[in-house]
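S.K.: After the sequence you'll find the predicted model.
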Amino acid sequence: MKKPTIKLFNSLKRSLEEFIPLEENKVSIYTCGPTVYDSSHIGHARSFIVWDCWVRFFREINYEVKWARNITDIDDKIINRSIQMGIEPQKLARIETYKYWKDMHSLNVQWPDYEPKATENLPQMFAFIEGLMQKGFAYQAENGDIYFKVSVFKHYGQLKNIKNEAENISRLENLNSKENTCDFALWKAFNKNEYGFESPFGHGRPGWHLECSAMIKNIFGQTIDIHGGGEDLTFPHHENEIAQSEALHSCQFSRYWIHNGMVLVNGRKMSKSEGNFITIESALKNYSGNAIRFFVLSAHYRQSVNYTEEALQAAQNGINKLFQIFAHDEKIEIDKNNLNPTFMDNFYQYLAEDLNTACALSVTFEIAKLINKSEGNIIELKNTLAHILSVLGFNLTEKLINSCDENTQNSIVKLLLDIRNNAREVKNFQLADQIRLHFEKAGYKLKDSAEGTDLICLSKV
RNA sequence: GGCGAUGUAGCCAAGUGGUAAGGCAGAGGUCUGCAAAACCUCUAUGCGCCGGUUCGAAUCCGGCCGUCGCCUCCA
């Protein structure tokens, strides 16, 4: 297969560019992960699904991908929440990390190759700060805080597109101990009795922006191919990452920057602080992980999308229609040597054009229609459809039919017992015994009494 | 105020010069014991508004209006 030319919208240049990796056939990609202090919501889900899809696509067209996605486990929010809950910050971080992993699993988001945590990279951060101080890009204020000196870094404002100093006025009026409002904290000093870590600069906590720069340096070195994140992170987070890393290394930090659009609720950004969020966990009560993924992928990743129940239901109906095709298959096995070249080519072209997943999804419906009409090579078409769905990251093991949840199973058992008791009443013992035998084969003994019929699990007696 | 997006049918959403993908919802039909699923047909002479460039514009240019994001923690 010929590798398609990938174009992606580089936020750094604000234009669509051909992707040319540093090393041929290799991609190093870092995406911003969560701050683990509370449940992830659909906005987070979108971001994680989009990066998962980028990575899956790169792998599909035979790039050797190294993907890192961090976990921010030091943060004021974690500390504040943990105080409220009366537990250690690191314990809260672990609890929330497990929940996050569970959400990622439900959404079929792949494990990244590296998942660095801030708390596990403190020495790297110390070294980073020391390097910046030695080069004159950082200073320690009287209160012990260490700040990055923005005025010394001449290339500040690449992502934000700042043209002159006057535009670069922060809304923050509080200088604290900073020399300039634009300067940002690399290290925040705290009293010994407050939560923090020992460092060469005293007791305190690292700044958020520093974390990503230090971990990227640790995993990938000075330059990576792609850095991704939500578009709300472009400023100041990503701008500051660039400043730190390029100041220290005197070379380009990330060659391409990709940013995903926001999920809106009633026209407003879904966010914790607005309180208008739907957690992944709660959405999964009504819709499948595949439906959430379908919802995300049916819009271009850079657009903002509105979360509505109607949209999620539409996504659920859409994905159900596609999976209906595999409803009677025991399991889905993909033979990569039996793919429809025309559809695959179209599919690749769409994804290669800045990951146009909406168009890529339209290919699946074209194939589905042919299969449902029994036109063409059905085995090849089904195989192609399954493969495309897997590249988009859908979970092919989610069964549509012949499976039901525990509540439904229990109610069906009750229904069977009712039918059997009705049969006994009308002396249809053949049917009653047939049902009894069926339960016994499944490992349950039926015991009739005046109070009704009890179900005894033989393996638990 | 600065920076950046965006406005396409009831809803979601593709489409950067050649005559409006796809999905959801809806209507009618085929099939069916009844359903479900599937299939067929229908659903924007028009892409926020007004001008301009062009043989030709949703697409390019200018103006206007609306919406959103960032500039403060945020995916």
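M.R.: Thanks, I have the structure now. Numbers count the residues shown, from 1 in each chain, chains lettered A, B, ... in the order given.
S.K.: in chain A, which spans are helices?
M.R.: A:42-60, A:76-85, A:89-106, A:122-134, A:208-219, A:239-249, A:280-286, A:289-297, A:309-323, A:341-352, A:357-372, A:378-391, A:406-425, A:429-441 (DSSP state H).
S.K.: what angle sits between the second one and helix A:89-106?
M.R.: For helix A:76-85 against helix A:89-106, the angle by axes from the mean of the first three to the mean of the last three C-alpha atoms, to 10 degrees is 110 degrees.
S.K.: Distance-wise, check the residue nearest to A:His237 when sequence neighbours are not counted relative to RNA strand B.
M.R.: Spatial nearest neighbour of A:His237, excluding adjacent residues (C-beta to C-beta, 6 or more residues apart in numbering): A:His209 at 5.8 Å. All C-beta atoms are positioned from the backbone trio N, CA, C, and that covers glycine. From A:His209 over to RNA strand B the distance is 8 Å, taken as C-beta to the nearest atom of the strand, to the nearest Å.
S.K.: And A:Gln316, by the same measure?
M.R.: From A:Gln316 to RNA strand B the distance is 8 Å (C-beta to the nearest atom of the strand).
S.K.: Can you verify my assumption that A:Arg205 contacts A:Lys188?
M.R.: Yes. A:Arg205 is within contact range of A:Lys188, at 5.2 Å (criterion: C-beta atoms under 8 Å).
S.K.: Looking at those two, which is more packed in?
M.R.: Neighbour tally, A:Arg205 and A:Lys188, criterion other C-beta atoms under 10 Å: the higher count belongs to A:Arg205, 21 against 18.
S.K.: Number of residues surrounding the residue lying closest to A:Gln110 once chain neighbours are set aside?
M.R.: Closest residue in space to A:Gln110, ignoring its immediate chain neighbours: A:Asp52 at 5.6 Å, by C-beta to C-beta, 6+ apart. Look at A:Asp52: counted by other C-beta under 10 Å, it has 24 neighbours.
S.K.: And the pLDDT for A:Asp52?
M.R.: Predicted confidence (pLDDT) for A:Asp52: 97.
S.K.: my guess is A:His237 meets A:Glu231, correct?
M.R.: No. Using C-beta under 8 Å, A:His237 makes no contact with A:Glu231, being 10.9 Å away.
S.K.: out of those two, which sits in the more crowded spot?
M.R.: A:His237 (19 against 16).
S.K.: residues contacting that one?
M.R.: A:Cys32, A:Trp208, A:His209, A:Cys212, A:Gly229 (C-beta atoms under 8 Å, 6 or more residues apart in numbering).
S.K.: list the contacts for the third one?
M.R.: In this case it means A:His209. A:Phe184, A:Leu186, A:Pro236, A:His237, A:Asn240, A:Glu241, A:Gln244.
S.K.: Let me know the pLDDT of the closest residue in space to the third one that isn't next to it in sequence.
M.R.: Read it as A:Pro236. Nearest non-adjacent residue to A:Pro236, counting by C-beta to C-beta, 6+ apart: A:Phe184, 6.5 Å away. If you check A:Phe184, the pLDDT there is 93.
S.K.: Show me what A:Phe184 is bridged to.
M.R.: A:Phe148 (DSSP bridges).
S.K.: what about it, neighbour count?
M.R.: 22.
S.K.: Likewise for A:Met125?
M.R.: Neighbour tally, A:Met125, other C-beta under 10 Å: 24.
S.K.: Next up, the contacts around it.
M.R.: Counted by C-beta under 8 Å, 6+ apart, A:Met125 has contacts A:Ala118, A:Pro206, A:Leu210, A:Glu211, A:Ala214.
S.K.: do A:Val27 as well
M.R.: Here A:Val27 is in contact with A:Pro21, A:Phe58, A:Tyr63, A:Glu64, A:Val65, A:Lys66, A:Asp225, A:Ile226 (C-beta under 8 Å, 6+ apart).
S.K.: Ok, A:Val263 next?
M.R.: A:Val263 touches A:Ile42, A:Gly43, A:Arg46, A:Lys269, A:Met270, A:Ser304, A:Val305, A:Asn306, A:Tyr307, counting by C-beta under 8 Å, 6+ apart.
S.K.: Of the residues you listed, grab the buried ones for PyMOL.
M.R.: Entered in PyMOL, the line below selects the buried ones among these, by 16 or more other C-beta atoms under 10 Å:
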select buried, chain A and resi 42+43+46+269+270+305+307
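S.K.: near RNA strand B, which of the contacts of A:Val263 show up?
M.R.: A:Gly43, A:Arg46, A:Lys269, A:Met270, A:Ser304, A:Val305, A:Asn306 (C-beta under 7 Å from any atom of the strand).
S.K.: tell me which of these is nearest to RNA strand B?
M.R.: Minimum distance to RNA strand B across those is 2.4 Å, recorded for A:Gly43 (C-beta to the nearest atom of the strand).
S.K.: Need the nearest residue in space to A:Asn276, chain neighbours excluded.
M.R.: Nearest one to A:Asn276, counting by C-beta to C-beta, 6+ apart, is A:Val265 at 4.4 Å.
S.K.: What is the neighbour count of that neighbour?
M.R.: Residues near A:Val265, counting by other C-beta under 10 Å: 19.
S.K.: State the pLDDT value of the residue lying closest to A:Asn143 once chain neighbours are set aside.
M.R.: Spatial nearest neighbour of A:Asn143, excluding adjacent residues (C-beta to C-beta, 6+ apart): A:Ser177 at 4.7 Å. Per-residue pLDDT puts A:Ser177 at 77.
S.K.: Please apply the same query to A:Ile412.
M.R.: 87.
S.K.: Next one: the nearest residue to it once chain neighbours are set aside from RNA strand B, what distance?
M.R.: Counting by C-beta to C-beta, 6+ apart, A:Cys404 is the residue found nearest to A:Ile412 once chain neighbours are left out, at 7.7 Å. A:Cys404 is 14 Å from RNA strand B, where distance means C-beta to the nearest atom of the strand.
S.K.: what does A:Ile216 give?
M.R.: A:Ile216 is 15 Å from RNA strand B, by C-beta to the nearest atom of the strand.
S.K.: With A:Gln324 instead?
M.R.: 5 Å.
S.K.: Now the spatially most central residue of chain A: closest residue in space that isn't a chain neighbour?
M.R.: In chain A, the C-alpha nearest the mean C-alpha coordinate belongs to A:Phe48, at 2.0 Å (C-alpha atoms, centre = their mean). Counting by C-beta to C-beta, 6+ apart, A:Val109 is the residue found nearest to A:Phe48 once chain neighbours are left out, at 5.0 Å.
S.K.: Pretty sure that neighbour sits against A:Val50.
M.R.: No. Taking contacts as C-beta under 8 Å, A:Val109 lies outside contact range of A:Val50: 9.9 Å.
S.K.: who's more crowded, the two?
M.R.: Neighbours were counted for A:Val109 and for A:Val50 using other C-beta under 10 Å; A:Val50 has more, 26 against 23.
S.K.: Could you report the separation of that one from RNA strand B?
M.R.: Counting by C-beta to the nearest atom of the strand - A:Val50 and RNA strand B are separated by 9 Å.
S.K.: do you know how far A:His31 is from RNA strand B?
M.R.: Not quite, residue A:31 is Thr, not His. Applying C-beta to the nearest atom of the strand to A:Thr31 and RNA strand B gives a distance of 8 Å.
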